[in-house]
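Enquirer: What follows is a protein structure lacking sequence information:
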């Protein structure tokens with residue numbers, strides 16, 4: 001008797017603009033294809049040169065397709081000064097007609113739709129075509145718990161108790177959120193409905209995927225699954241599937257960077273970067289330059305022109321087109337640090353730098369992608385958050401994971417001063433008790449992450465269960 005060939009489940013993935021969303025969504029798609037026998041189509045709302053460059057990189061095989069949705073103009077729909085969350089929600093909503101027409105034209109309709117946190121409006125399309133619906137939280141389980149809890153208690157409670165009175169936001173079974181680490185969207189009562197919307201929509205899905213793993217956030221994951229969590233506001237399966245980071249080793253280091261790194265001793269260089277869009281003020285850049293110089297530790301620093309807006313380049317960052325060195329650093333800085341430092345304008349291949357044996361520390365804005373890349377390379381961190389949920393990530397890195405040190409702000413002008421910077425750099429780079437403990441701990445987390453992703457590991461099994469559910473829907 002001839003055997004009937006079982007069709008592969010087909011998943012459509014929808015990614016918001018920005019490397020923080022696009023990278024984990026693409027990596028999820030790759031993993032679904034290479035380890036769980038899926039067909040995957042990734043739909044991307046791309047709005048910056050870095051995202052476009054990433055979309056043009058080769059895919060692992062023919063079972064993974066990438067579709068860039070046409071760009072949309074939202075200038076007349078949202079205030080230019082509106083928070084990033086508001087802009088992303090509008091941008092994603094305006095891209096839905098293109099997404100629907102693309103799916104309708106497919107010969108092989110997707111079995112499931114996986115969206116990141118800003119794409120939940122697309123579930124109307126999933127319902128229309130009879131698709132399973134999943135949300136992919138590209139950050140932490142703790143962020144997910146806070147988002148869900150905030151949507152259940154209402155904005156008045158958040159505003160009166162957490163913002164105005166500056167009391168910690170207590171989340172059942174999880175770490176409380178201090179006011180000084182709170183989300184930016186909580187600070188403006190008029191904009192808070194966006195966060196509520198995200199939390200509410202997530203509870204109506206067939207599952208929530210998280211870019212973390214069981215052993216990293218075991219207490220929070222357990223709380224999310226608890227039958228008593230928020231009076232069962234969350235009635236959907238929770239799937240930790242991470243850590244999902246860039247693993248494309250085809251991209252090579254610039255010759256100058258590789259030659260310089262190859263000359264340095266093992267774990268002697270601190271890499272300094274604030275992500276694909278983060279910027280510092282002119283005064284803070286000066287203090288950082290002096291701090292690195294005073295530390296006398298080797299460094300690679302990705303620098304961008306100063307901006308008073310920490311999100312100054314979020315939608316515009318790309319590779320540097322010029323060869324000139326920045327002129328906004330202290331006079332004589334390059335001469336004084338030529339033997340210990342390398343400055344790279346605008347952009348650098350971060351994954352490749354962090355994986356180099358000479359790199360032993362990372363001064364980071366604490367974006368979750370960067371955090372996971374640091375952990376997966378066994379590199380301790382200086383946690384320097386700028387925006388979004390990065391203060392929450394910094395709190396986890398320092399207080400829960402024990403793999404980072406966090407700067408203290410000057411009481412007078414809200415900046416991190418040069419002496420503080422030099423002290424932190426030496427703390428994680430020099431052979432001392434604190435630095436040794438962080439280095440040991442991050443290597444333990446690295447091993448834990450690799451175990452979670454391997455066959456039979458917790459993250460591997462989570463995606464296996466999703467594949468099983470998709471196959472059942474396909475065969476129904």
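Expert: That came in fine, so what should we check first? Since we're looking at a predicted model, the values are computed, not measured.
Enquirer: For the stretch 251-400 of the chain, which segments count as helices?
Expert: 255-262, 282-295, 333-337, 350-354, 368-376, 390-395 (DSSP state H, counting those that start in this stretch).
Enquirer: Show me the one of those helices that comes nearest residue 179.
Expert: helix 390-395 (10.2 Å; Cβ to Cβ). Quick note: C-beta positions are derived from backbone N, CA and C, even for glycine.
Enquirer: Put together CSV for the helices of the stretch 251-400 of the chain, with distance to residue 215 and mean neighbour count on each row.
Expert: Output for these, formatted as CSV (distance: least, Cβ to Cβ, whole Å; neighbours: other Cβ atoms under 10 Å):
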stretch, distance to residue 215, mean neighbour count
helix 255-262, 31, 14
helix 282-295, 33, 20
helix 333-337, 40, 15
helix 350-354, 21, 21
helix 368-376, 12, 26
helix 390-395, 17, 24
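Enquirer: Need the pLDDT of the spatially closest residue to residue 304 that is not a sequence neighbour.
Expert: Closest residue to residue 304 apart from its sequence neighbours, by Cβ to Cβ, 6 or more residues apart in numbering: residue 279 at 5.3 Å. pLDDT recorded at residue 279 is 88.
Enquirer: wait, residue 279 sits on residue 288?
Expert: No - between residue 279 and residue 288 no contact is recorded; they are 11.9 Å apart, counting by Cβ atoms under 8 Å.
Enquirer: Show me the shaky parts of the stretch 251-400 of the chain.
Expert: Counting by pLDDT under 70, the stretch 251-400 of the chain has low-confidence residues at 251-252, 310-325.
Enquirer: repeat that with 50
Expert: Scanning the stretch 251-400 of the chain for pLDDT under 50 picks out 312-323.
Enquirer: Please apply the same query to the stretch 101-250 of the chain.
Expert: Scanning the stretch 101-250 of the chain residue by residue, none of them satisfies pLDDT under 50.
Enquirer: what about the helices in it?
Expert: According to DSSP H, counting those that start in this stretch, the helices that the stretch 101-250 of the chain contains are 123-128, 141-153, 155-157, 193-202, 218-225.
Enquirer: To residue 270, which of those lies closest?
Expert: Across these, closest to residue 270 is helix 141-153 (Cβ to Cβ), at 26.6 Å.
Enquirer: got the angle between that closest one and helix 368-376?
Expert: 150 degrees (axes from the mean of the first three to the mean of the last three Cα atoms, to 10 degrees).
Enquirer: how much does helix 141-153 deviate in direction from helix 218-225?
Expert: 30 degrees.
Enquirer: What distance do you get for residue 266 to residue 363?
Expert: 19 Å (Cβ to Cβ, to the nearest Å).
Enquirer: do the same with residue 105
Expert: 46 Å.
Enquirer: Please say which of those two ends up with more neighbours.
Expert: residue 363 (25 against 8; other Cβ atoms under 10 Å).
Enquirer: separation between the more buried one and residue 397?
Expert: 12 Å.
Enquirer: And for residue 186?
Expert: 21 Å.
Enquirer: out of those two, which sits in the more crowded spot?
Expert: More crowded of residue 186 and residue 397, by other Cβ under 10 Å: residue 397, with 26 against 20.
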